[in-house]
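Novice: sequence and computational prediction follow.
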Amino acid sequence: MAINLKVNGASRTVPAEPDTPLLYVLRNDLALNGAKFGCGLAQCGACTVLVNGKPTRSCVTPIGSLAGAEITTLEGLGTAEKPHPLQKAFIAEQAVQCGYCINGMIMYAKELLDRKSGVTETDVREALAGNLCRCGTHNRIVGAVMRAAKEMGRA
């Protein structure tokens, strides 16, 4: 069966059943590897993408439920030549250690910065609380989001 999706602004058709998790389609069919398989139970945040601007755990989201939705992955935020302010800030703050949680951290931060102005450190910590990071770079991650918020005029 062929399913039509809109990913990072482009219409894509993938050969998959409607109950296939979005994460599998992104990684296996579309070669978009920013979202990671972490727990497979929507508990860690590594697989997070934005669906219509809202953070969504792609490991448990069936593609059949996404008709007409705008899906944005980490790759859809910026490029190596022109990274999104969040991507630049994570690099500048050296906020990545193993990198596994970073996809979810950035996607939740993006939603926060798109939704709210006057962002505080408390706002950032609350927005990222549902993402698990085992490396312990939490303070650098929060610093990176605050750096991006200032650059984007959202702090």
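Specialist: Arrived safely, thanks for sending.
Novice: tell me the pLDDT of the residue nearest in space to the middle of the chain.
Specialist: With distances taken as CA atoms, centre = their mean, the residue of the chain nearest its centroid is Met107 (3.0 Å). For Met107, the pLDDT comes out at 98.
Novice: quick one: which helix or strand includes it?
Specialist: Element membership for Met107 (DSSP states H and E) is helix 102-115.
Novice: swap in Ala89?
Specialist: helix 85-92.
Novice: can you give me the buried ones in the helix holding Met107?
Specialist: By neighbour count on 16 or more other CB atoms under 10 Å, the buried set for helix 102-115 is 102-113. All C-beta spots, glycine's among them, are computed from the backbone N, C-alpha and C.
Novice: ok, the closest residue to Val14 other than its chain neighbours - contacts?
Specialist: Distance criterion CB to CB, 6 or more residues apart in numbering; nearest residue to Val14, sequence neighbours excluded, is Asp29 at 4.5 Å. Taking CB atoms under 8 Å, 6 or more residues apart in numbering, we find Asp29 in contact with 14-16.
Novice: tell me which of those fall in strands.
Specialist: Per DSSP state E, strands hold the following members of the contacts of Asp29: 14-15.
Novice: just the buried subset of the contacts of Asp29, written out for ChimeraX, thanks.
Specialist: Selecting only the buried entries of the contacts of Asp29 in ChimeraX, with 16+ other CB under 10 Å as the criterion:
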select :14,16
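Novice: could I get the contacts of Asp29 as a markdown table with distance to Phe37 and pLDDT?
Specialist: Shown next, in a markdown table, are the contacts of Asp29 (distance: CB to CB, whole Å; pLDDT from 0 to 100):
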| residue | distance to Phe37 | pLDDT |
| --- | --- | --- |
| Val14 | 17 | 95 |
| Pro15 | 20 | 94 |
| Ala16 | 16 | 94 |
